[in-house]
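*Asks:* Please find the sequence and the predicted model below.
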Amino acid sequence: MTVEHSNTENTTALRIYYCGREQCAPGHFWGPAIRPHYLLHVVLHGKGEFFYQEKKYELSAGDAFLIEPMQTHYYQADKEDPWEYAWVGFDGSCVEEVLSSTIFQSSPVFTTDSALCIQPMIRLNALFFAPEKNPLGLASAFLRLLSCMTRLDTSGRNDHNEQYYQQALEYISNNYSYNLKIQDIADYIGVDRTYLYKIFMREAQISPKQYLLQYRIRAAAKLLQTQNYNVTEIAYSCGFRDSAAFCYHFRQQIGMTVPGKDTKWYLLSRYQPGFACCSRKKMKGIGSQIILTPDSFHLFFYPILLS
């Protein structure tokens, strides 16, 4: 999507008017009233009710509600556990098209049992009030927020863990070579570190930190197999702080030292597609091999039978 800025309001693709955040008092309400533009709220904490077109929606942390231009609405904080919410006011020539890809095409509310939308909304507010304005960064953060509010699965599942997991894997695959922190991954998909840990333990049975390390080792093993790069080049290219850290983690994960450039790699045919390298150590006729396939690596100990 192209973000245009013009003196003519009608030709502006996206205009963000303001953002805000408020901790409401018990029973605090707004309306009935109308707004001249779109207004999107994300509930950060607590509970409340949103009334729209003679329907009542009970919302809690992580949920969101959209107010359309010139539509009467009313919302009220819970008397026992009043909500805190953040909001963004916007309009533009591309807004209807963008919203058509979200849940708001068919519903004024987005409900979830997770915190998927909270961090993107907080980041959007932070960028809006930053001393140095960045229009492209602001537009990107806004679209990132809306991308969390896609249509619900037609099967009726209200579990976004798999979606978060796939987003995290994609982010790791695109950024593992940088100084990537687990908090960066959590911030990207819009959850806290504890929730990210639970997602990985559920989906992959390992922590996100362990997954990132294994991904880097796997990428390093593929570079080793090419025999075109030295250990230092591979270490930095795969996100390790130096060659010593790479060698340490490689030995911890694989169980053998990093193979040198003179290591002979063999094409595997008996076991599975891929390549293997043999260690120089042999104990009672048993050799160690790294089995490197396009998606994984394994260390095996067995009699070396390679042709």
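*Replies:* Ah, there it is.
*Asks:* tell me the domain boundaries of this structure?
*Replies:* 9-152, 162-205, 210-302 (automatic domain parsing).
*Asks:* Pipe those into TSV and attach mean neighbour count and mean pLDDT per row.
*Replies:* In this view, the C-beta of every residue, glycine as well, is placed from N, C-alpha and C. Formatted as TSV, these follow (neighbours: other C-beta atoms under 10 Å; pLDDT from 0 to 100):
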stretch	mean neighbour count	mean pLDDT
domain 9-152	17	88
domain 162-205	16	86
domain 210-302	16	64
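*Asks:* Confirm Leu59 sits in a strand?
*Replies:* Yes - with DSSP: H, G, I helix; E, B strand; the rest coil as the criterion, Leu59 is part of a strand.
*Asks:* and it, bridged to which residues?
*Replies:* Gly48 (DSSP bridges).
*Asks:* got the contact list for it?
*Replies:* Val43, Lys47, Gly48, Glu49, Phe50, Phe65, Trp83, Val109, Thr111 (C-beta atoms under 8 Å, 6 or more residues apart in numbering).
*Asks:* 7 Å instead?
*Replies:* For Leu59, the contact set (C-beta atoms under 7 Å, 6 or more residues apart in numbering) comprises Val43, Lys47, Gly48, Phe50, Phe65, Val109, Thr111.
*Asks:* can you redo the residues you listed as JSON lines with secondary structure and distance to Ile34?
*Replies:* Output for the contacts of Leu59, formatted as JSON lines (DSSP: H, G, I helix; E, B strand; the rest coil; distance: C-beta to C-beta, whole Å):
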{"residue": "Val43", "secondary structure": "strand", "distance to Ile34": "21"}
{"residue": "Lys47", "secondary structure": "strand", "distance to Ile34": "24"}
{"residue": "Gly48", "secondary structure": "strand", "distance to Ile34": "19"}
{"residue": "Phe50", "secondary structure": "strand", "distance to Ile34": "15"}
{"residue": "Phe65", "secondary structure": "strand", "distance to Ile34": "15"}
{"residue": "Val109", "secondary structure": "strand", "distance to Ile34": "18"}
{"residue": "Thr111", "secondary structure": "coil", "distance to Ile34": "24"}
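*Asks:* in the protein, which spans are helices?
*Replies:* Along the chain, the stretches classed as helices by DSSP state H are 95-99, 118-128, 135-147, 161-175, 182-189, 193-203, 208-226, 231-237, 243-254.
*Asks:* okay, those helices in TSV with distance to Ala33 next?
*Replies:* Converted to TSV, these look like this (distance: least, C-beta to C-beta, whole Å):
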stretch	distance to Ala33
helix 95-99	20
helix 118-128	22
helix 135-147	23
helix 161-175	35
helix 182-189	34
helix 193-203	35
helix 208-226	44
helix 231-237	57
helix 243-254	58
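*Asks:* Relative to Glu22, which of these is closest?
*Replies:* For the helices of the chain, the distance to Glu22 is smallest for helix 118-128, at 11.1 Å, taking C-beta to C-beta.
*Asks:* what angle sits between that closest one and helix 135-147?
*Replies:* If you take axes from the mean of the first three to the mean of the last three C-alpha atoms, to 10 degrees, helix 118-128 sits at 160 degrees to helix 135-147.
*Asks:* looking just at contacts, which helices and strands does helix 118-128 meet?
*Replies:* On a contact count with 3 or more C-beta pairs under 7 Å, 6 or more residues apart in numbering; DSSP states H and E, helix 118-128 meets strand 15-23, strand 38-45, strand 84-91, helix 135-147.
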